[in-house]
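Colleague: Quick one, structure for this:
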Amino acid sequence: MKYTFTEYAKNAMRESEPQIEVFNVFGDEYDRWFEEKGKVIFENELLLFKTINHYIRHPSIEIGSGSGRFAKELKVDFAIEPSRKLRKISIKRGIIPIAARGEDIPFDDGVFKTVFIIVTLCFSRKPELILKESARILQEDGNLILGLVLKDSIWGRLYEKKKREGHRFYSVANFYTLYEIEKMLESAGLEIHDIYSTLTMPPERLNDIQKPVRGYIKDAGFVGIVARKIRG
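Modeller: Numbering: from 1, shown residues only. Prediction:
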């Protein structure tokens with residue numbers, strides 16, 4: 001471990017950021033979304049991760065575990081989450097996350113075989129640093145698994161519009177193109193190994209579960225990226 005519990009907990013709470021505070025204030029609303037308006041979206045995203053189960057090995061960790069829904073379903077071994085409200089909700093779900101930030105992960109180098117980052121990058125001020133920290137704690141043959149809404153998809157454009165309109169959560173989010181993600185991964189010493197896409201229909205037509213598609217579909221609402229350390 002890099003720090004004692006007290007040290008990294010204090011570090012995690014050192015400053016209040018809009019991207020974290022919005023979840024402290026509206027955490028219950030955020031969590032309810034997964035069972036109400038976002039239920040079908042969540043089920044499609046979860047199916048994508050279960051489809052790439054062959055890439056998931058233990059020990060595993062989720063960076064920015066939110067209210068613990070993905071961590072529970074994917075049986076993640078460790079989780080970190082800076083929002084105190086979301087940590088409290090996830091504890092009720094049986095997930096006990098560490099109070100820490102993805103920019104400063106309190107684990108030694110090369111500890112994990114799988115690192116999950118599900119949507120967290122868009123709610124970070126320093127996504128490049130999160131990727132570098134994730135690469136640091138990843139074993140040489142490990143997998144970094146990203147779950148992302150890409151900026152230039154139909155879904156990404158919808159969320160960008162909501163951001164401009166001042167949406168409670170999207171107003172503090174930043175979305176990226178696949179090219180931008182590739183460059184950030186490369187800067188962290190990582191490269192894309194595999195991609196899966198889901199939510200391939202426009203938001204207004206989504207009403208059912210669909211089978212994820214291997215490969216990158218530009219207008220897909222959600223992509224799963226498997227990245228590995230660059231060798232040689």
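Colleague: hmm, what's the outermost residue in the protein?
Modeller: Gly232 (27.8 Å; Cα atoms, centre = their mean).
Colleague: Okay, now the unreliable bits of this protein?
Modeller: 1-16 (pLDDT under 70).
Colleague: Could you rerun that using 90?
Modeller: 1-19, 201-205, 207, 231-232 (pLDDT under 90).
Colleague: who does the most centrally placed residue in it bridge with?
Modeller: For the chain, the residue nearest the mean C-alpha position is Ile118 (1.7 Å; Cα atoms, centre = their mean). Bridge pairing for Ile118 (DSSP bridges) gives the partners Gly147.
Colleague: Against His167, how distant is it?
Modeller: 19 Å (Cβ to Cβ, to the nearest Å). Bear in mind the C-beta positions are built from the backbone N, C-alpha and C, glycine included.
Colleague: Grab the nearest non-local neighbour of Glu29.
Modeller: Spatial nearest neighbour of Glu29, chain neighbours left out: Arg168 (7.7 Å); criterion: Cβ to Cβ, 6 or more residues apart in numbering.
Colleague: Spit out the contact partners of the one you found.
Modeller: Arg168 makes contacts with 22, 26, 29, as judged by Cβ atoms under 8 Å, 6 or more residues apart in numbering.
Colleague: Just the buried residues from those residues, in PyMOL please.
Modeller: The PyMOL command for the buried members of these (criterion: 16 or more other Cβ atoms under 10 Å) is given here:
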select buried, resi 22
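Colleague: out of the contacts of Arg168, who's nearest Cys122?
Modeller: For the contacts of Arg168, the residue nearest Cys122 by Cβ to Cβ is Val22; the value is 12.7 Å.
Colleague: Give me the contacts around the longest helix along the chain.
Modeller: Ranked by residue count and defined by DSSP state H, the top helix of the chain is helix 18-33. Helix 18-33 is contacted from outside by 66-67, 69, 82-86, 88-89, 123-125, 168-169, 172-173, using Cβ under 8 Å, 6+ apart.
Colleague: buried ones in it?
Modeller: 19-20, 22-23, 27, 30-31, 33.
Colleague: Output that helix as CSV, nothing but the C-alphas.
Modeller: Provided in CSV are the C-alpha atoms of helix 18-33 (Å, rounded to 0.1, in the frame of the first residue of the first chain):
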residue,chain,number,x,y,z
PRO,A,18,-18.0,19.9,-8.7
GLN,A,19,-17.6,16.4,-10.2
ILE,A,20,-17.6,14.8,-6.8
GLU,A,21,-19.9,17.2,-4.9
VAL,A,22,-22.8,16.7,-7.3
PHE,A,23,-22.9,13.0,-6.3
ASN,A,24,-22.6,13.9,-2.6
VAL,A,25,-25.7,16.0,-3.0
PHE,A,26,-27.7,14.0,-5.5
GLY,A,27,-26.4,10.5,-4.9
ASP,A,28,-29.8,9.0,-4.2
GLU,A,29,-31.2,10.4,-7.4
TYR,A,30,-28.2,9.1,-9.4
ASP,A,31,-28.6,5.6,-7.9
ARG,A,32,-32.4,5.5,-8.6
TRP,A,33,-31.7,6.2,-12.3
